[in-house]
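Novice: Here is a sequence with its predicted model. Questions after.
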Amino acid sequence: MITFSLEFWIVLAAICLLLELITTGFYLMSVGVGGIAAAIANYLGFDPIMQLVFFAIFTIIFLIISRPLARKLTKGSPSKKATTDRFIGQKGLVTEAIDPENTGMIKISGELWRAISDENIDVGEEVVVEKIKGVRLIVRKKE
């Protein structure tokens, strides 16, 4: 007959809870909670079958309870785009002149960024970010 040690359940729960920090989907946390329940059952002297039952029941219950919470917490989370993509379509102010051969600087959302353009843009003019190329913003004059 299969037997489970208290250490097995504790290690299983710890690994799942630590991995949950990386995945943040609440699935591994549910397994971790099931492992904690099974460890408690083991400590209280329940046989291995009952430990598995505790593990399964608590995992399923916690999974059912946590899924709405996980959806609520991740609702409206940013897409996997680069953080600089938030600048596309935004207006900025030129702080260092830009011409087709040289990069300049623009201030956008309180930050200074290197910018390139295929037209001459003087200091103090407003620009709109069209794209991002590497770490440079591609801009055009604001119309």
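Specialist: All right, it came through fine.
Novice: CA only for contacts and neighbour counts going forward, please
Specialist: Noted.
Novice: Can you give the domain ranges for the protein?
Specialist: Under the assignment automatic domain parsing, the domains of the chain span 6-74, 83-141.
Novice: Compile those into JSON lines and extend it with columns for mean pLDDT and mean neighbour count.
Specialist: Converted to JSON lines, those look like this (pLDDT from 0 to 100; neighbours: other C-alpha atoms under 10 Å):
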{"stretch": "domain 6-74", "mean pLDDT": "91", "mean neighbour count": "18"}
{"stretch": "domain 83-141", "mean pLDDT": "90", "mean neighbour count": "17"}
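Novice: Now do the lengthiest strand in the chain: everything it contacts.
Specialist: Here the longest strand in the chain is taken by residue count, with DSSP state E as the criterion, and it is strand 126-133. In this structure, residues lying in contact with strand 126-133 by C-alpha atoms under 8 Å, 6 or more residues apart in numbering are 84-85, 87-94, 137-142.
Novice: I'd guess residue 70 is in a helix, am I close?
Specialist: Yes: counting by DSSP: H, G, I helix; E, B strand; the rest coil, residue 70 falls inside a helix.
Novice: right, and it touches residue 27 too?
Specialist: No: Residue 70 is beyond contact range of residue 27, at 9.6 Å (criterion: C-alpha atoms under 8 Å).
Novice: got the end-to-end distance for stretch 131-143?
Specialist: In stretch 131-143, first residue to last residue: 17 Å (C-alpha to C-alpha, to the nearest Å).
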